[in-house]
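Q: next come a sequence and a model predicted from it.
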Amino acid sequence: MKEIEARDVNFYYGDFHALKGISMDIPEKQVVAFIGPSGCGKSTFLRLFNRMNDLIPGSRLQGQILINGKDIYAPGVQVDELRKNVGMVFQRPNPFPKSIFDNVAYGLRVNGINDKKYISERVEESLRGAALWDEVKDKLNDSAYALSGGQQQRLCIARAMAVSPSILLMDEPASALDPISTAKVEELISELRKQVTIIIVTHNMQQAARVSDKTAFFYMGEMVEYDDTKVIFTNPRKEATQNYITGRFG
Amino acid sequence: MVKFIESELNHLREEVNHMWTLVYAQMELASKAVLSLDRNLAQQIVVRERWVDAEELKIDSEIEDFIALYTPVAVDLRFVLAMLKINNDLERIGDYANGIAKLVKDSSSIKLNGELVEKLCLEEMFRVVLEMMSGLKNALLAEDPVAATGVLGMDDRLDELKKASDEILVEYAKENLEEMGLCMSLGSIFRKLERTGDHLTNIAEEIVFYIDAKVLKHRGKIPSSEEKNSDME
């Protein structure tokens, strides 16, 4: 069943036409990778799914983005509510200057949950879900900054998962991590796909091939090709896609 | 990165081309050695078989390195997979040429019966094999899947000739018991050439896989899911 639908999406930064007529369906509980050269529009497109571009001066959207059939840009949509359902993880880990526990509990408290027992259980569940519990269970009150980069990124994933979103957006989540931490994040993605729909932007072609069910290739604001990952990496239909994934681009 | 990949792929293409030339020469020499019962030529083939084996190992190793270093995808992946299999098929064809040469080399007491050889169409059998080999080599160089599939039909002729040879040799052996050894050697040569045709068919399929991403292998032989279910019942 499709969870996210983009309908003829055009996006502008002032006069610059950053996304050109993109339509796509994203099925629920699947991992979709966005690939393409820098500046092709993949991150801009990703950030439309939780309205992260709203505050950019001069930016403008045409077309529709529907989540579970509802237009997320319709008047009256509460952006806070939307972001509870659509979590996001960024390229660089960005823990808050708080303890490990408080980082994960933050979203719950902001949403008005005060039940300490529930919060503790949810923090543990989220840290276990992010494969971090065993590493931090004895130092939950230590600063999140004391963790390594890879641990911080998994903490940010735990923080995003704590409020039980149905969609998780990941903007190059492993590009600042070493290979071992990258492998842990990739394993985590394959576990999280059982609970949430994941859209990941990555420059790492092998990562896209390893973790995603479907892949979309973007170039100069257009979505050139969108298909099963297996098709994209074995027999892409468009020459531009083939040139990009085989490193012959440009 | 692009430059490195292109240069590695070109190098691999050249190596496989070299292997092809080597194996073609082996089969061509085998043809001459058999038809003229030339034991010196046969000895040359046996010696050169080691070159074929060495070249196969070299190509295998280069493909392994390429996959490890460049993690190819799409057309590049299909190319290296096809080259890996073609390399293996060519080595097997080299083995058949070597096997034929050994039969000639070790058959000091055998005299070829010209009439029998003509009836068997042995020369045609070799010619078809060599034409398939050169046709496929050109198809790969030109990246022409139509030319590759065009060669597939020639394998049917090899099967026909092999089948006919079995009957002819059985009849001949019945009437000439003292020439049983010759009949067995000729039967073995036909079997090797017929198997060579099968390997060349595999090569044609690999070329099509590389260029068009189509799998021709076992076409029509794999049961559909409905057929599988009915088999289970």
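A: Arrived safely.
Q: distance of the closest residue to chain A within chain B relative to residue B:78?
A: Nearest to chain A in chain B, going by CB to the nearest CB, is residue B:213, at a distance of 4.0 Å. Using the backbone N, CA and C atoms, a C-beta is placed for each residue, glycine as well. Distance check for residue B:213 against residue B:78: by CB to CB, to the nearest Å, it reads 6 Å.
Q: ok, residue B:163 next?
A: Between residue B:163 and residue B:78 the computed distance is 35 Å (CB to CB).
Q: more neighbours, these two?
A: Each of residue B:163 and residue B:78 has its neighbours counted (other CB atoms under 10 Å in any protein chain shown); residue B:78 has more, 19 against 12.
Q: who touches the closest residue to the more buried one other than its chain neighbours in this structure?
A: Using CB to CB, 6 or more residues apart in numbering or on different chains and skipping the chain neighbours, the partner closest in space to residue B:78 is residue B:210 (4.7 Å). Taking CB atoms under 8 Å, 6 or more residues apart in numbering or on different chains, we find residue B:210 in contact with B:75, B:78-79, B:81-82.
Q: hmm, try it at 10 Å
A: Residues counted as contacts of residue B:210 (CB atoms under 10 Å, 6 or more residues apart in numbering or on different chains) are B:75-83, B:85-86, B:140, B:143, B:145, B:148.
Q: wait, is it part of a helix?
A: Yes. With DSSP: H, G, I helix; E, B strand; the rest coil as the criterion, residue B:210 is part of a helix.
Q: and the residue of chain A nearest chain B?
A: Proximity of chain A to chain B (CB to the nearest CB) peaks at residue A:235, 4.0 Å away.
Q: against residue B:47, how distant is residue A:10?
A: With distances taken as CB to CB, residue A:10 is found 71 Å from residue B:47.
Q: oh, that last question was meant for residue A:39, not what I typed.
A: Going from residue A:39 to residue B:47 by CB to CB gives 60 Å.
Q: flag every residue of chain A that's near chain B.
A: Proximity of chain A to chain B, by CB under 10 Å from any CB of the partner chain, involves residues A:205-206, A:209, A:231-236, A:239, A:241-250.
Q: what subset of these is buried?
A: A:205, A:209, A:231-236, A:241-247 (16 or more other CB atoms under 10 Å in any protein chain shown).
Q: farthest-apart pair in those, please.
A: Greatest spacing in those, by CB to CB: A:231 and A:247 (18.8 Å).
Q: residue B:64 and residue B:87 touch, don't they?
A: No. In this structure, residue B:64 is not within contact of residue B:87 by CB atoms under 10 Å, at 11.5 Å.
Q: quick one: which of these two has more around it?
A: Neighbour totals were compared for residue B:64 and residue B:87, and residue B:87 leads with 24 against 12 (other CB under 10 Å).
Q: so what's residue B:46 up against?
A: B:26, B:97-99, B:101-102, B:104-105.
Q: what's the answer for residue A:100, then?
A: By CB under 10 Å, 6+ apart, the neighbours of residue A:100 are A:123, A:127, A:132, A:135-137, A:139-147, A:151-152, A:155, A:158-159.
Q: inside helices: which ones of these?
A: Those of those mapping onto helices are A:123, A:127, A:135-136, A:151-152, A:155, A:158-159, per DSSP state H.
Q: may I ask which helix or strand of chain A has the lowest mean pLDDT?
A: The weakest-scoring helix or strand in chain A, judged by mean pLDDT, DSSP states H and E, is helix A:179-192 (a mean of 90).
Q: now do that helix: distance to the chain's middle.
A: Averaging C-alpha positions (CA atoms, centre = their mean, to the nearest Å) puts helix A:179-192 14 Å from its chain's average.
Q: ok so, going back, of the ones in helices among the contacts of residue A:100, buried ones?
A: Neighbour counting by 16+ other CB under 10 Å classes A:123, A:127, A:135-136, A:151-152, A:155, A:158-159 among these as buried.
Q: which of the residues you listed lies closest to residue A:56?
A: Nearest to residue A:56, judged by CB to CB, of these is residue A:159 at 23.9 Å.
Q: returning to that earlier point: make a markdown table out of the buried ones among the ones in helices among the contacts of residue A:100 and add pLDDT.
A: Rendered in a markdown table, the data for those read as follows (pLDDT from 0 to 100):
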| residue | pLDDT |
| --- | --- |
| A:123 | 96 |
| A:127 | 95 |
| A:135 | 95 |
| A:136 | 96 |
| A:151 | 94 |
| A:152 | 95 |
| A:155 | 95 |
| A:158 | 94 |
| A:159 | 95 |
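Q: who's in contact with residue A:182?
A: A:150, A:153, A:173-176, A:204, A:207.
Q: so which of the residues you listed are in helices?
A: Short answer: the contacts of residue A:182 in helices (DSSP H) are A:150, A:153, A:207.
Q: neighbour-wise, which one of those residues leads?
A: residue A:153 (30 neighbours).
Q: so it touches residue A:181, yeah?
A: Yes. Between residue A:153 and residue A:181 there is a contact under CB under 10 Å: 6.9 Å.
Q: for the two, list the residues in contact with both.
A: By CB under 10 Å, 6+ apart, residue A:153 and residue A:181 have these common neighbours: A:93, A:174.
Q: you'd agree residue A:68 is up against residue A:28?
A: Yes. Applying CB under 10 Å, one finds residue A:68 in contact with residue A:28, separated by 8.6 Å.
Q: mutual contacts of those two, please.
A: Jointly contacting residue A:68 and residue A:28 under the rule CB under 10 Å, 6+ apart are A:1-4, A:166-167.
Q: including neighbour count, secondary structure and pLDDT, could those go into TSV?
A: Shown next, in TSV, are the shared contacts of residue A:68 and residue A:28 (neighbours: other CB atoms under 10 Å in any protein chain shown; DSSP: H, G, I helix; E, B strand; the rest coil; pLDDT from 0 to 100):
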residue	neighbour count	secondary structure	pLDDT
A:1	7	coil	71
A:2	15	strand	77
A:3	18	strand	89
A:4	22	strand	96
A:166	17	coil	95
A:167	22	strand	96
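Q: hey, where'd the strands end up in chain B?
A: Assigned by DSSP state E, chain B shows no strands.
Q: so where is it shaky, pLDDT-wise?
A: Within chain B, the ranges that satisfy pLDDT under 70 run B:1-3, B:108-110, B:220-233.
Q: what parts of it come near chain A?
A: So far as CB under 10 Å from any CB goes, chain B lies against chain A at B:1-6, B:9, B:70-78, B:212-214.
Q: now those residues: which count as buried?
A: Members of the residues of chain B next to chain A classed as buried by 16+ other CB under 10 Å are B:5, B:9, B:70, B:72-78, B:212.
Q: the next helix or strand after the least confident helix or strand of chain A to helix A:179-192, inter-axis angle?
A: Using DSSP states H and E, the helix or strand that directly follows helix A:179-192 along the chain is strand A:197-201. Orientation of strand A:197-201 against helix A:179-192 (axes from the mean of the first three to the mean of the last three CA atoms, to 10 degrees) gives an angle of 150 degrees.
Q: so how far is strand A:197-201 off the chain centroid?
A: 4 Å.
Q: give the pairing partners of that strand; include direction for each.
A: Strand A:197-201 sits in its sheet next to strand A:31-35 (parallel), strand A:167-171 (parallel), going by DSSP bridges.
Q: what about residue B:99, how many residues close to it?
A: Per other CB under 10 Å, the neighbour tally for residue B:99 reads 18.
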